[in-house]
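Asker: Sequence first, then the predicted structure, then my questions.
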Amino acid sequence: MTMHEEIIFAGFGGQGVLFGGQLLAYTALAEEKHVTWIPSYGPEMRGGTANCTVVVSDDPIGSPVCRNPSIVITFNNPSLEKYESLIKPGGLLVVNESLIVEPPTRTDIDVVLLPATTLATELGDTKMTNMILLGALLGRRPVVAMETVQAVLLDKLGSRKAHLHELNLAALARGQEIGLAQNTEQAV
């Protein structure tokens, strides 16, 4: 069976929403998959809405438009409220539990709840929230290989941001660990 995932990253500007989606898109390209990446953001520099759609497929992509995503990563409560109902049945919802009011209510989708902002703060930088959430996605649904994500991430950060390499890798690993652990819990 061929893989085709339509993924939405959604949150506030400044949370690394677009970078998380971009990293996934670049990684899919590195693995020679078909991919599209479409950003969308409000006029505000920080604090406004920000989201992006990433389509990753083994086959050519007919349309980058995504009405009913198979995966949604929500960085905040407004994004959870907006996108939870749109996910295809059997899809995946990854939720930053640190910034939500009420947990998701759907029972026909797979849900990963993790306090990503809190975990990023514990790692030493709240800007790692996006890597924790991406790691959780990959722990639950390995759309791309973690090793490839790590290599692409280090390449994109480059030597100018070498001081952030270990922190980003630690954040990805922490998220993946939680995604895998919650997957095991639900399988039991």
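Answerer: All right, it came through fine.
Asker: Distance check, M131 against F12.
Answerer: Look at M131 and F12: by Cβ to Cβ, to the nearest Å, they are 16 Å apart. Placement of C-beta: from N, CA and C, glycine included.
Asker: higher neighbour count, those two?
Answerer: When neighbours are counted by other Cβ atoms under 10 Å, M131 and F12 differ, and M131 comes out ahead with 30 against 20.
Asker: who's in contact with the more buried one?
Answerer: Under the criterion of Cβ atoms under 8 Å, 6 or more residues apart in numbering, the contact list for M131 reads G16, G20, A120, L153, N168, A171, L172, G175.
Asker: Just give the closest residue to the residue nearest the centre of the chain, not the sequence neighbours.
Answerer: The residue at the geometric middle of the chain, judged as the C-alpha nearest the mean C-alpha position with Cα atoms, centre = their mean, is L134 (3.8 Å). Spatial nearest neighbour of L134, excluding adjacent residues (Cβ to Cβ, 6 or more residues apart in numbering): G20 at 5.0 Å.
Asker: contacts for stretch 55-64?
Answerer: Contacting residues not belonging to stretch 55-64 are listed as 2-7, 24-25, 28, 33-36, 38, 53, 66, 143-144 [Cβ under 8 Å, 6+ apart].
Asker: what about stretch 140-147, average pLDDT?
Answerer: Over the span of stretch 140-147, the pLDDT mean works out to 96.
Asker: Can you give me the buried ones in the longest helix anywhere in the chain?
Answerer: Longest among the helix segments of the chain by residue count, using DSSP state H, is helix 165-187. When burial is assessed from 16 or more other Cβ atoms under 10 Å, helix 165-187 yields the following buried residues: 167-176, 178-180, 182.
Asker: Quick one: those as JSON lines, columns for distance to L138 and pLDDT too.
Answerer: As requested, the buried residues of helix 165-187 are arranged in JSON lines below (distance: Cβ to Cβ, whole Å; pLDDT from 0 to 100):
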{"residue": "L167", "distance to L138": "17", "pLDDT": "93"}
{"residue": "N168", "distance to L138": "14", "pLDDT": "91"}
{"residue": "L169", "distance to L138": "13", "pLDDT": "94"}
{"residue": "A170", "distance to L138": "15", "pLDDT": "95"}
{"residue": "A171", "distance to L138": "12", "pLDDT": "95"}
{"residue": "L172", "distance to L138": "8", "pLDDT": "96"}
{"residue": "A173", "distance to L138": "10", "pLDDT": "96"}
{"residue": "R174", "distance to L138": "12", "pLDDT": "96"}
{"residue": "G175", "distance to L138": "8", "pLDDT": "96"}
{"residue": "Q176", "distance to L138": "6", "pLDDT": "96"}
{"residue": "I178", "distance to L138": "11", "pLDDT": "95"}
{"residue": "G179", "distance to L138": "7", "pLDDT": "93"}
{"residue": "L180", "distance to L138": "9", "pLDDT": "92"}
{"residue": "Q182", "distance to L138": "13", "pLDDT": "83"}
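Asker: Which one of those residues is nearest to G124?
Answerer: When these are compared for distance to G124 (Cβ to Cβ), L167 comes out closest, at 6.5 Å.
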